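Visitor: sequence and predicted structure are below.
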Amino acid sequence: MEFRQLETFLKVAELKSFSKAAQEIFLTQPTVSEHIRQLEAELNTRLFLRTKKEAVLTPAGRLFVKHARKILSLRRQVILEMAQFSDTVEGELIIGASTIPGEYILPKIIGTFRERFPKIRIELNISDSKKAMEWVLERRCEIAFIGFNPNHKLLTAIPFSSDTIAPIINAAHPMARKSQLTLKELQDIPLVLREAGSGTRRAVEKILNEKGLSWKSFNVALIVGSATAAINAVLSGPFYSFLSLKSVGETFYQQQLKPIHVLEFDDIQRQFYMIQGKKELLSPMAKYFIKHIETISSEPTSS
């Protein structure tokens, strides 16, 4: 049983496809098939049921996923512990992020970090906050940046950056001409809503719950999976959306979008958090990256 075989197995299990796994890990499909065949022969059991559409894990395969992750995690821990005896600052760092930190905050930080540590290769995976949290719990990434405090017994959460969420509308929309709207007027406008795992949506839901409201009282016209999709929908249609001000800075500058001022609804202040496993040993690369964030956060900003 080889580490490469385990990595291949987990990728096929994740993507439910031999061909997609081969493309992602830069192997040929016959090589991927051979890795799985060798594992199944060694374990004397079928790990996948092959259909025309996808590769489905067998009950044995689902159990083996847990063991494969543990084996690879232990391998990683050994490598990290040995790294303390080396002065070489190079390697790979996998980071998870929700869409706002991943698309609008981290790229600039990663750019300045790479200037200092050019031999560290970073893989930035972006999804919603819930999925990014799951990646850390599943040890698919060392650290992640999300839009809410998970309050999870296996995770450490550290405040990372702050943001403001406000209802945003197309500047050409008739309602954009009004200096203020009532909550009832806002509820009548078609709303573009973020997906259920979004930190932005969760922050707005918290305020709505405090006011005794839910999305049922709004005119939800469209649900999208990213901040970019929400912005584009507002730019192209008769919609508004609750958006991060960090995500709409450029369109504000171009005067394409406009915040809606609502009498009974203040803008929402929210915090982003960096999360990591409480019991996980961080790699030197992750430690350098966290130190870099702390350094640039403490630097005075120019006015």
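Guide: The structure has been received and is ready for your questions.

Visitor: let me see the contact set for the nearest residue to Asp267 once chain neighbours are set aside.
Guide: In space, not counting the residues next to it along the chain, Asp267 is nearest to Ala166; the distance is 4.4 Å by C-beta to C-beta, 6 or more residues apart in numbering. In this view, the C-beta of every residue, glycine as well, is placed from N, C-alpha and C. Going by C-beta atoms under 8 Å, 6 or more residues apart in numbering, Ala166 touches Phe242, Leu243, Leu245, Pro259, Ile260, Asp267, Ile268.

Visitor: name every strand pairing with whichever strand or helix holds Ala166 and say which way it goes.
Guide: Here Ala166 sits within strand 155-170, counting by DSSP states H and E. Using DSSP bridges, the strands paired with strand 155-170 are strand 240-244 (antiparallel), strand 257-259 (antiparallel), strand 268-277 (antiparallel).

Visitor: so which of those strands is the most surrounded?
Guide: Highest mean neighbour count among these (mean count of other C-beta atoms under 10 Å): strand 240-244, with a mean of 27.

Visitor: how about the CA coordinates for the next helix or strand after that strand, as PDB?
Guide: Counting by DSSP H and E, the element after strand 240-244 in chain order, helix or strand, is helix 249-253. Extracted C-alpha coordinates of helix 249-253, given in PDB (Å, rounded to 0.1, in the frame of the first residue of the first chain):
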ATOM      1  CA  GLY A 249     -15.500  48.300  -4.000                       C
ATOM      2  CA  GLU A 250     -14.700  48.600  -7.700                       C
ATOM      3  CA  THR A 251     -18.300  48.700  -8.800                       C
ATOM      4  CA  PHE A 252     -19.000  51.400  -6.200                       C
ATOM      5  CA  TYR A 253     -16.100  53.300  -7.700                       C
END
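
Visitor: give me the domain ranges for this structure.
Guide: Domain assignment for the chain, taken from automatic domain parsing, gives 3-83, 91-161+271-298, 163-270.

Visitor: any idea of the mean pLDDT in the helix or strand encompassing Lys70?
Guide: Assigned by DSSP H and E, Lys70 belongs to helix 59-83. Helix 59-83 carries an average pLDDT of 84.

Visitor: quick one: contacts of that helix?
Guide: Helix 59-83 has contacts (C-beta under 8 Å, 6+ apart) with 3, 6-7, 9-10, 13, 43, 45-48, 57, 91, 138-139, 281-284.

Visitor: can you do 10 Å?
Guide: With C-beta atoms under 10 Å, 6 or more residues apart in numbering as the contact definition, helix 59-83 has outside contacts at 1, 3, 5-10, 12-14, 36, 39-40, 43-49, 55-58, 89, 91, 138-140, 142, 277, 280-287.

Visitor: likewise stretch 42-53?
Guide: Stretch 42-53 is contacted from outside by 1-2, 5, 9, 12-13, 16-18, 33, 36-37, 39-40, 54-65, 67-68, using C-beta under 10 Å, 6+ apart.

Visitor: can you say which of those are buried?
Guide: 5, 9, 12-13, 17-18, 33, 36, 39-40, 55, 57, 61, 64-65, 68 (16 or more other C-beta atoms under 10 Å).

Visitor: among these, which one lies nearest to Met175?
Guide: Each of the buried ones among the contacts of stretch 42-53 was scored against Met175 by C-beta to C-beta, and Ser17 proved nearest at 45.6 Å.

Visitor: need the contact list for that closest one.
Guide: Taking C-beta under 10 Å, 6+ apart, we find Ser17 in contact with Lys11, Gln23, Glu24, Gln29, Val32, Lys53, Glu54, Ala55.

Visitor: ok, now how distant is the nearest residue to the fourth one once chain neighbours are set aside from Gly199?
Guide: Counting by C-beta to C-beta, 6+ apart, Ala22 is the residue found nearest to Gln29 once chain neighbours are left out, at 4.4 Å. If you measure Ala22 against Gly199 using C-beta to C-beta, to the nearest Å, the figure is 34 Å.

Visitor: go on, Lys20?
Guide: Per C-beta to C-beta, Lys20 is found 28 Å from Gly199.

Visitor: more neighbours, the two?
Guide: In this view Lys20 and Gly199 are compared by other C-beta atoms under 10 Å, and Gly199 has more residues nearby, 29 against 17.

Visitor: thanks a lot, catch you later.
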